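Participant: no letters, just coordinates:
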Ligand SMILES: O=C(O)CCC(=O)C(=O)O
Ligand SMILES: [Fe+2]
């Protein structure tokens, strides 16, 4: 089983309308079935550009520890900056990687000078600081350029998703307003080889929080693994559809990540190996809310056996966006339930009837996810 490859060139507003619509429909199917796909960036990003980013990442992580620690996140707002090996925590377990995290500018108004408790690095409120950059000036310049490109990419893919979901132009405008001031995150990750017999992960199983992740991945195979629940039914029988719905439910019930999953009882982990010229793209949890679970935010994890660098970019809603099920999606769910095609989308449409998807302000959701771990130690829940 391998993930679909979607050519970005056919999603651009300038491309031929019929091919664009057909490609948006393939994108829609990928979001329902896997929540993961490859985006072919041919014509949008050149391999030399991403190779330069990789080389800059390597040069930074090759610096002596004391140099890297000058921009340690604990010297700032506990979110922006360098995190040491094993400092990031997923579900209570340290991840075997180091990273540099940068975020969109602070969403908070600056504190007036003299405010007690917010002066000095250690007193900064989480996410209220500024990004900390490595000393080589090319690093900031090249990565900020990449952020600009990824934000463009985010809007193109969002618009194509609105086509795939059959939203009206007015519904797309409303959705666009929630994301165009994206509270994005850039991570530059350094993976050392995970030793054989190590009982943890390079990055533990998780769903991404927000909207869309664009991962530039190094060439290491078998590193990124994606959880596909079983049975992923495409059969037309009602029993198979309700089994598929149960699998989806197990997944949305925040799956027991214990031995049952590890031994593959509920599904399989498939490798999302890098494909030349592509980024790996996956759906964050906010898409589950917008689509009442029709689009899947899929569990994934990393077991990286080589020494290399990877660059995920998280295209997220605006910090103050109120994310709620989209009216256009309710219309679509009704038509899926009425259609004779009893596929994966049908199973998800059935489940959407039973599950409440509460509206959430993205920034509050993010702070709940990561905030609790910013304050005390270097340990921080992922990102
Ligand atoms: O490095 C990878 O392959 C994926 C990293 C990831 O899932 C994340 O940072 O959210
Ligand atoms: Fe992730």
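Facilitator: All right, it came through fine. No experiment lies behind these values; they were computed from the predicted model shown. Numbering: from 1, shown residues only. Ligands and ions are numbered 1, 2, ... in the order given.
Participant: for the stretch 151-300 of the chain, what lies in contact range of ligand 1?
Facilitator: 187, 189, 203, 208, 215, 217, 223-224, 300 (C-beta under 6 Å from any ligand atom). Using the backbone N, CA and C atoms, a C-beta is placed for each residue, glycine as well.
Participant: which two in these are spaced the farthest apart?
Facilitator: Pairwise distances across those peak at 16.3 Å for 208 and 223 (criterion: C-beta to C-beta).
Participant: re earlier: out of the residues of the stretch 151-300 of the chain next to ligand 1, which one sits closest to ligand 1?
Facilitator: Compare each of those with ligand 1 using C-beta to the nearest ligand atom and the shortest gap goes to residue 224, at 3.6 Å.
Participant: beta-bridge partners for that closest one, please?
Facilitator: Listed by DSSP bridges, the beta-bridge partners for residue 224 are residue 302.
Participant: go ahead and confirm it touches residue 298.
Facilitator: No: if you go by C-beta atoms under 8 Å, residue 224 and residue 298 don't touch, sitting 11.2 Å apart.
Participant: the more surrounded of these two?
Facilitator: Remark: of residue 224 and residue 298, residue 224 carries more neighbours, 26 against 21, as counted by other C-beta atoms under 10 Å.
Participant: returning to that earlier point: keep only those of the residues of the stretch 151-300 of the chain next to ligand 1 that are in strands.
Facilitator: If you go by DSSP state E, those have 187, 189, 203, 215, 224, 300 in strands.
Participant: which among the residues of the stretch 151-300 of the chain next to ligand 1 gets closest to residue 173?
Facilitator: residue 208 (25.2 Å).
Participant: phi and psi next, for the closest one.
Facilitator: The phi and psi values for residue 208, taken as degrees, to the nearest 10, are phi -80, psi 150.
Participant: and it, how many neighbours?
Facilitator: Here the number of neighbours of residue 208 (other C-beta under 10 Å) works out to 25.
Participant: which residues does it contact?
Facilitator: Going by C-beta atoms under 8 Å, 6 or more residues apart in numbering, residue 208 touches 282-285, 297, 314.
Participant: among those residues, which ones are in helices?
Facilitator: Among those, DSSP state H puts residue 285 in helices.
Participant: where is pLDDT lowest across the contacts of residue 208?
Facilitator: Within these, pLDDT reaches its minimum at residue 297, with 93.
Participant: make sure it is actually in contact with residue 288.
Facilitator: Yes: using C-beta under 8 Å, residue 297 is in contact with residue 288, at 4.9 Å.
Participant: after the helix or strand hosting residue 25, which helix or strand is next?
Facilitator: Secondary structure assigned from DSSP states H and E places residue 25 in helix 17-33. The helix or strand immediately downstream of helix 17-33 is strand 36-40, counting by DSSP H and E.
Participant: tell me the buried residues in that following strand?
Facilitator: Of the residues in strand 36-40, 36-40 count as buried by neighbour count, 16 or more other C-beta atoms under 10 Å.
Participant: JSON lines for those residues, including pLDDT and distance to ligand 1?
Facilitator: Below are those laid out as JSON lines (pLDDT from 0 to 100; distance: C-beta to the nearest ligand atom, whole Å):
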{"residue": "36", "pLDDT": "96", "distance to ligand 1": "11"}
{"residue": "37", "pLDDT": "97", "distance to ligand 1": "15"}
{"residue": "38", "pLDDT": "98", "distance to ligand 1": "13"}
{"residue": "39", "pLDDT": "98", "distance to ligand 1": "15"}
{"residue": "40", "pLDDT": "98", "distance to ligand 1": "18"}
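Participant: correct me if wrong, but residue 227 is in a strand.
Facilitator: Yes: membership of residue 227 in a strand is supported by DSSP: H, G, I helix; E, B strand; the rest coil.
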